[in-house]
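A.B. asks: Requesting a structural model of the entry that follows:
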Amino acid sequence: MEEKNLDAFVIPTADPHQSEYPPHCFARREFITGFTGSAGTAVVTKKNACLWTDGRYFLQAADELGPEWTLQKAGLPKTPKMSDWLKDNLEQGMRVGLDPFVHAANEVKELNSTLSKGGLELVLEPDNPVDEAWVDRPAFPTADVRIHPETWAGSPVPEKLKMVREEMDKHGGEALLVSKLDDVAWLLNLRGGDIESNPVFVAYAIVEKDSVRLFVDGSKITDVVATHLAPNNVHIYRYDQVVEGVKEVVKSGKKVMFDPVGTSVALEQAAKAGSFVEAPSPFDLGKAIKNDRELEGMKEAHLRDGAALAKFWSWMDVLTKNGETVDEYVAGGELANFRAEQVGFIEPSFPSIVGEGPHGAVIHYRASKQSARDIKAGSILLVDSGGQYDCGTTDVTRVYMFGGDEYKPTDFQKEVYTRVLKGHIALDQTIWPENTPGHVLDAYARRPLWEIGLNYMHGTGHGVGAALNVHEGPHSISPRYTNQVALQEGMICSNEPAFYEDGSFGVRIENLLYVTPKETKHNFNDVKYLGFEKLTYVPIQQKMVNIDLLTDDEIEWLNTYHQEVWEKISPRLTDEPVALDWLFEHTQPISRGDSGEENTASASGVRVGAPSAAEAVASTTNPNERALAHLFLASDELPLCRRTPFGGAIYAFAGAGTLMAAR
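C.D. replies: Okay, the predicted model is just below:
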């Protein structure tokens with residue numbers, strides 16, 4: 001900074017593509033601060049070092065930052081914005097530097113407006129001073145690019161290019177700059193492995209009227225991928241030629257179109273050397289509104305994921321009931337292993353959050369070998385995790401208390417868990433008129449907590465990509481009323497209300513939902529009404545529920561959900577008797593008489609009071625079920641016959657609980 005005559009330097013999380021999770025070689029903010037969270041901006045001056053991050057990371061940042069750093073808790077009333085802090089803490093005439101390749105054009109415009117009011121000079125410094133200190137900087141990623149098949153993509157590349165070029169025509173653009181990595185991947189039906197948990201590859205694209213320039217490390221483009229790209233007139237250029245490429249387009253006289261939200265100020269300056277137009281990204285809604293094939297892929301991914309999670313939770317359940325312990329780090333590894341058994345699994349969709357007790361209150365906690373706490377009977381464990389499959393992306397959070405009936409949550413733990421569940425149900429059941437932005441729905445999820453003066457410091461819902469990034473815009477469900485993007489049919493959104501008791505435990509219940517039309521009794525002003533359908537099918541632990549706080553409708557919702565979980569996931573566990581038995585026990589219906597306690601089971605695994613095999617035969621009207629049940633009853637080797645509590649399949653078990661037959 002001294003050599004460059006800078007009084008302050010701003011270091012964001014973002015890479016040149018405005019990625020939430022940058023490749024390791026671009027993780028400058030993490031390197032300089034030691035803070036590993038996915039959101040934050042660092043500022044270094046000659047006297048101070050500050051980090052701004054949001055409520056998801058307050059505890060984590062406080063733990064990871066060294067004593068030389070000051071944590072600025074963004075979003076709190078007394079915390080100044082980063083730009084205001086610079087204006088108020090630097091003297092007139094001082095110079096604030098930033099790397100033009102890692103700051104978006106609109107961000108720099110807003111920052112410069114504030115700094116100029118304080119008489120400060122904003123300096124664009126392409127030679128990032130962090131790089132000079134980063135002697136062991138990781139190498140540029142080199143993972144091969146792969147084709148994302150139309151089976152799951154739904155739309156072929158020519159169709160997507162046609163849509164993009166139509167949007168260009170609307171704004172008079174003749175060449176479109178594409179900077180965001182998931183935009184490039186979505187447009188060309190390609191995926192990569194350059195960023196952990198994000199199936200993208202480091203590249204830029206320029207879409208012209210009859211061709212596409214792709215700026216990428218050519219060694220990643222296999223012959224198969226090259227053959228895939230050729231019919232669409234896609235030409236490969238070196239990654240570091242992108243600025244030169246923009247200048248060539250400008251020199252040709254074409255009007256360059258770009259989105260200032262996702263385009264770096266470095267590329268903006270190159271584009272503004274000629275004719276240009278700023279316009280919203282044509283990719284945001286294209287990615288967010290899933291087509292039928294993308295939705296089918298997401299549904300399939302969640303069914304695979306549900307089976308993997310049933311195996312994980314049942315493994316944890318058996319282990320802890322046997323008096324054994326496992327730490328958070330090992331449990332996270334086993335969770336990845338269970339997912340890896342599923343067909344089409346590629347990698348986790350983000351680093352798993354496996355937090356026991358107080359670590360569950362660290363919103364984006366990541367266990368290490370050194371930090372991992374033991375999980376045992378009596379533990380309350382929060383697990384937020386997801387998978388990247390060939391067909392789709394998952395993200396799910398559940399909280400379970402382990403151990404038998406002698407281990408019980410406190411009244412407070414049950415109350416906040418139940419209120420989080422009530423908020424989850426309220427959002428799941430909400431129906432709204434079209435053109436409604438997500439922030440309007442946020443209060444439905446928070447109200448049960450608000451009623452007792454509690455809240456959580458993060459949004460309620462985020463978009464999710466289809467076999468793409470687990471966090472995807474432009475829509476969201478949060479208190480941020482500035483996001484006016486309407487929830488539209490085909491969008492996917494998480495539903496994850498929560499509560500965190502610092503130093504004690506955390507509760508978050510998360511499903512993914514997709515937006516679909518809803519039939520209503522009336523149709524005021526011919527407006528279409530929308531609602532949600534579920535993608536996630538994983539049991540919600542009833543042991544943590546205070547049933548007295550639930551309405552009859554909420555009890556019915558929970559029972560119906562568990563019926564659906566059983567019907568959709570159990571057929572995928574026919575060769576997994578332990579997981580199947582766990583799934584059965586955790587999808588039993590509850591009623592007022594249960595008083596919120598977990599359903600009890602006999603030693604054989606059949607719920608106490610469940611119908612006998614003979615009663616199951618008598619109660620079913622399905623001739624195939626009756627024949628199968630009679631067969632089981634007649635067999636000496638199949639003494640135990642179980643019928644699901646919802647009138648579905650009949651399962652026969654040998655004495656040790658081994659699955660012998662299933663329908």
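
A.B. asks: From here on, just use CA atoms for contacts and neighbour counts.
C.D. replies: Will do.

A.B. asks: residues touching the residue nearest the centre of the chain, list them.
C.D. replies: For the chain, the residue nearest the mean C-alpha position is Val470 (3.8 Å; CA atoms, centre = their mean). With contact set as CA atoms under 8 Å, 6 or more residues apart in numbering, Val470 has these partners: 198, 349-350, 393-395, 463-464.

A.B. asks: if you set the cut-off to 6 Å instead, what comes out?
C.D. replies: Counting by CA atoms under 6 Å, 6 or more residues apart in numbering, Val470 touches Val464.

A.B. asks: elements contacting the helix or strand containing Leu303?
C.D. replies: In the assignment (DSSP states H and E), Leu303 maps to helix 292-321. Contacts defined by 3 or more CA pairs under 6 Å, 6 or more residues apart in numbering; DSSP states H and E place helix 292-321 against helix 150-153, helix 328-340, helix 577-585.

A.B. asks: Put together JSON lines for those, with distance to Glu415 on each row.
C.D. replies: Formatted as JSON lines, these follow (distance: least, CA to CA, whole Å):
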{"stretch": "helix 150-153", "distance to Glu415": "42"}
{"stretch": "helix 328-340", "distance to Glu415": "25"}
{"stretch": "helix 577-585", "distance to Glu415": "23"}
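
A.B. asks: right, so those: which one is the most enclosed?
C.D. replies: helix 577-585 (a mean of 21; mean count of other CA atoms under 10 Å).

A.B. asks: That one packs against which elements?
C.D. replies: By 3+ CA pairs under 6 Å, 6+ apart, helix 577-585 packs against helix 292-321.

A.B. asks: for the stretch 51-200 of the chain, what spans make up the strands?
C.D. replies: 70-73, 95-98, 121-124, 146-147, 175-178, 190-191 (DSSP state E, counting those that start in this stretch).

A.B. asks: list the helices and strands the fourth one packs on?
C.D. replies: Contact analysis of strand 146-147 by 3+ CA pairs under 6 Å, 6+ apart lists strand 190-191 as its packing neighbours.

A.B. asks: Show me what the strand it packs on pairs with in its sheet, parallel or antiparallel.
C.D. replies: strand 146-147 (antiparallel) (DSSP bridges).

A.B. asks: ok so, going back, give me the phi and psi for the residue nearest to the centre of the chain.
C.D. replies: Main-chain dihedrals, Val470, degrees, to the nearest 10: phi -70, psi -20.

A.B. asks: Please tell me how far the residue nearest to Met491 when sequence neighbours are not counted sits from Val200.
C.D. replies: Using CA to CA, 6 or more residues apart in numbering and skipping the chain neighbours, the partner closest in space to Met491 is Ile289 (4.7 Å). To Val200, Ile289 is 19 Å away according to CA to CA, to the nearest Å.

A.B. asks: go on, Pro358?
C.D. replies: From Pro358 to Val200 the distance is 34 Å (CA to CA).

A.B. asks: Looking at the two, which has the bigger crowd around it?
C.D. replies: Val200 (26 against 18; other CA atoms under 10 Å).

A.B. asks: Would you check that the more buried one makes contact with Gly192?
C.D. replies: Yes: at 4.3 Å, Val200 counts as touching Gly192 under the criterion of CA atoms under 6 Å.

A.B. asks: State the phi and psi torsions of Val249.
C.D. replies: The phi and psi values for Val249, taken as degrees, to the nearest 10, are phi -60, psi -40.

A.B. asks: Same check on the one 5 residues further on?
C.D. replies: Backbone dihedrals for Lys254, given as degrees, to the nearest 10, come out at phi -80, psi 150.

A.B. asks: Next: Tyr456.
C.D. replies: According to degrees, to the nearest 10, Tyr456 has phi -140, psi 150.

A.B. asks: Nearest residue to Asp384 in space, please, no chain neighbours.
C.D. replies: Nearest one to Asp384, counting by CA to CA, 6+ apart, is Thr397 at 4.1 Å.

A.B. asks: So the one you found, which state does it fall into?
C.D. replies: Counting by DSSP: H, G, I helix; E, B strand; the rest coil, the backbone at Thr397 sits in strand.

A.B. asks: just Leu382 next, same as before
C.D. replies: Under three-state DSSP, Leu382 comes out as strand.

A.B. asks: gap between it and Glu533?
C.D. replies: Applying CA to CA to Leu382 and Glu533 gives a distance of 24 Å.

A.B. asks: Show me which of these two is the more surrounded one.
C.D. replies: Leu382 (28 against 15).

A.B. asks: per-residue confidence at that one?
C.D. replies: We have a pLDDT of 98 for Leu382.

A.B. asks: residues in contact with it?
C.D. replies: Per CA under 6 Å, 6+ apart, neighbours of Leu382: 354-355, 360, 398-399.

A.B. asks: quick one: pLDDT of Glu2?
C.D. replies: 84.

A.B. asks: Just give me the neighbour total for it.
C.D. replies: Counted with other CA under 10 Å, Glu2 comes out at 8.

A.B. asks: go on, Pro141?
C.D. replies: 16.

A.B. asks: That one contacts Gly193, doesn't it?
C.D. replies: No: applying CA under 6 Å, one finds Pro141 not in contact with Gly193, separated by 8.3 Å.

A.B. asks: ok, the residue nearest to Met491 to Leu583 distance?
C.D. replies: 32 Å.

A.B. asks: Please apply the same query to Pro23.
C.D. replies: The gap separating Pro23 from Leu583 is 38 Å, by CA to CA.

A.B. asks: same question, Phe412
C.D. replies: On the measure of CA to CA, Phe412 and Leu583 end up 27 Å apart.

A.B. asks: Could you do Asp548 as well?
C.D. replies: From Asp548 over to Leu583 (counting by CA to CA), the distance is 24 Å.

A.B. asks: could you give the mean pLDDT of stretch 186-206?
C.D. replies: 98.

A.B. asks: ah, wrong one, I meant stretch 492-511
C.D. replies: 98.

A.B. asks: can you check stretch 357-375 too?
C.D. replies: pLDDT averaged over stretch 357-375 gives 95.

A.B. asks: which residues are contacting that stretch?
C.D. replies: Contact with stretch 357-375 is made by 56, 59, 325-329, 353, 380, 382, 500-506, as judged by CA under 6 Å, 6+ apart.

A.B. asks: Repeat that for stretch 252-268.
C.D. replies: Here stretch 252-268 makes contact (CA under 6 Å, 6+ apart) with 100-101, 103-106, 173-177, 179, 275-281.

A.B. asks: And that stretch, what's buried?
C.D. replies: 254-268 (16 or more other CA atoms under 10 Å).

A.B. asks: and the end-to-end length of it?
C.D. replies: Terminal residues of stretch 252-268 lie 17 Å apart, using CA to CA.

A.B. asks: centre of the chain versus that stretch, how much separation?
C.D. replies: 29 Å (CA atoms, centre = their mean, to the nearest Å).

A.B. asks: Stretch 339-346 now?
C.D. replies: Using CA atoms, centre = their mean, the offset of stretch 339-346 from its chain centre is 18 Å.

A.B. asks: what is the mean pLDDT for that stretch?
C.D. replies: Averaging pLDDT along stretch 339-346 yields 98.

A.B. asks: got the buried residues for that stretch?
C.D. replies: Buried, per 16+ other CA under 10 Å, within stretch 339-346: 339-340, 345-346.

A.B. asks: of all those, which comes closest to Asp428?
C.D. replies: The shortest approach to Asp428 among those belongs to Arg339, at 26.1 Å (CA to CA).

A.B. asks: For the closest residue to the closest one other than its chain neighbours, give its distance to Arg572.
C.D. replies: Leaving aside its sequence neighbours, Arg339 sits nearest to Ala308 (CA to CA, 6+ apart; 5.2 Å). Using CA to CA, Ala308 is found at 9 Å from Arg572.
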